[in-house]
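1. Just to be clear, the model below is a prediction. Sequence and coordinates:
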Amino acid sequence: TVTLDTDFFRRFLDRTTRVVVARAAYLTDLDAAIGDADHGANLKRGFTSAAEVTADGPAATPGALLTAVGVHLTNTVGGASGPLFGTVLRRMGKLLGEDAVVAPETLGRALAAAVASVRRLGDSAPGDKTMVDALQPAADAYTEALAGGGDVVAALDAAARAARDGAAATVPMRARRGRASYLGERSVGHQDPGATSSAMLVTALYEATDP
Ligand code: ADP
Ligand code: MG
Ligand code: MG
């Protein structure tokens, strides 16, 4: 299994940065179809510049690290997704508190709290064709896997699969929040960019279990 220490969360952020850089054009293409074609660029800018916040700062605990990056994303990434992803990381950071090593159950509570914060801030729910459609199933699958006796690696694997399935399931949905909602019926048939990038983040969390 894996120790959920600061190194683990650094690996998560490194992998997230790598994937959003590698897939920036794809995310922007998804946003071109139902938004304003900036989602990949927004996340690429936010996560690459976040490396400056995390590289030199000591960020002694997982909570401090996630909080610092969350504040950075909220402040530097424009649009809807900056504050929303910023909220995910800040809320997780707060829930992780000052623990040097996070218990698997605590990570589950942090994921659930992060999704609840996004739903509150975005006034969004599953089925609205947003990042919530990836994040809510991921948090639920994680908690379920742990409750079923799985270890943290199995639970994160289940979360990542649920997030990717959730992102794919946004294709036939009609958007009810964000820019895509302005398109009404024409938003149907496209995968939501924020749900897609959210699935990449949850997958990065799973991949961080393999140092
Ligand atoms: P913008 O739409 O401001 O250009 P981005 O393109 O970076 O911002 O992000 C768009 C994504 O943000 C959408 O694909 C969706 O997943 C997410 N999003 C937008 N509005 C909301 C909301 N109210 N609740 C949850 N997620 C939202
Ligand atoms: Mg956009
Ligand atoms: Mg925009």
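-> Good, I have the coordinates. Numbers count the residues shown, from 1 in each chain. Ligands and ions are numbered 1, 2, ... in the order given.
2. Quick check: residues of the chain near ligand 1?
-> Counting by Cβ under 6 Å from any ligand atom, the chain comes close to ligand 1 at 31, 35-36, 38-39, 42, 79-81, 84, 118, 122-124, 130-132, 177-179, 192-195. Heads up, the C-betas are built off the backbone N, CA and C, glycines and all.
3. ok, and of those, which contact ligand 2?
-> Checking those against ligand 2 by Cβ under 5 Å from the ion, the ones in range are 31, 35, 36, 38, 39.
4. In strands, which of the residues of the chain next to ligand 1 fall?
-> Among those, DSSP state E puts none in strands.
5. what about burial for the residues you listed, which qualify?
-> The neighbour count (16 or more other Cβ atoms under 10 Å) marks 31, 35, 38-39, 42, 79-81, 84, 118, 122, 124, 130-132, 177-179, 192-195 as buried among the residues of the chain next to ligand 1.
6. element containing residue 20?
-> Following DSSP states H and E, one finds residue 20 within helix 6-22.
7. Please list the outside residues in contact with that helix.
-> 2, 27, 40, 43-44, 47-48, 50-51, 54, 59-62, 65-66, 69, 100, 197, 200-201, 203-205, 207-209, 211 (Cβ atoms under 8 Å, 6 or more residues apart in numbering).
8. What's the PyMOL line that selects buried ones from the residues you listed?
-> Command for PyMOL that selects the buried part of those, burial taken from 16+ other Cβ under 10 Å:
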select buried, resi 2+27+40+43+44+47+50+54+59+61+62+65+66+69+197+200+201+203+204+205+207+208+209
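9. returning to that earlier point: of the buried ones among the residues of the chain next to ligand 1, which belong to helices?
-> Among those, DSSP state H puts 31, 39, 42, 81, 84, 118, 122, 132, 193, 194, 195 in helices.
10. would a markdown table of those with distance to residue 21 and pLDDT be doable?
-> As requested, these are exported to a markdown table (distance: Cβ to Cβ, whole Å; pLDDT from 0 to 100):
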| residue | distance to residue 21 | pLDDT |
| --- | --- | --- |
| 31 | 16 | 98 |
| 39 | 13 | 97 |
| 42 | 12 | 96 |
| 81 | 16 | 94 |
| 84 | 20 | 97 |
| 118 | 23 | 98 |
| 122 | 25 | 97 |
| 132 | 24 | 98 |
| 193 | 16 | 98 |
| 194 | 17 | 98 |
| 195 | 19 | 98 |
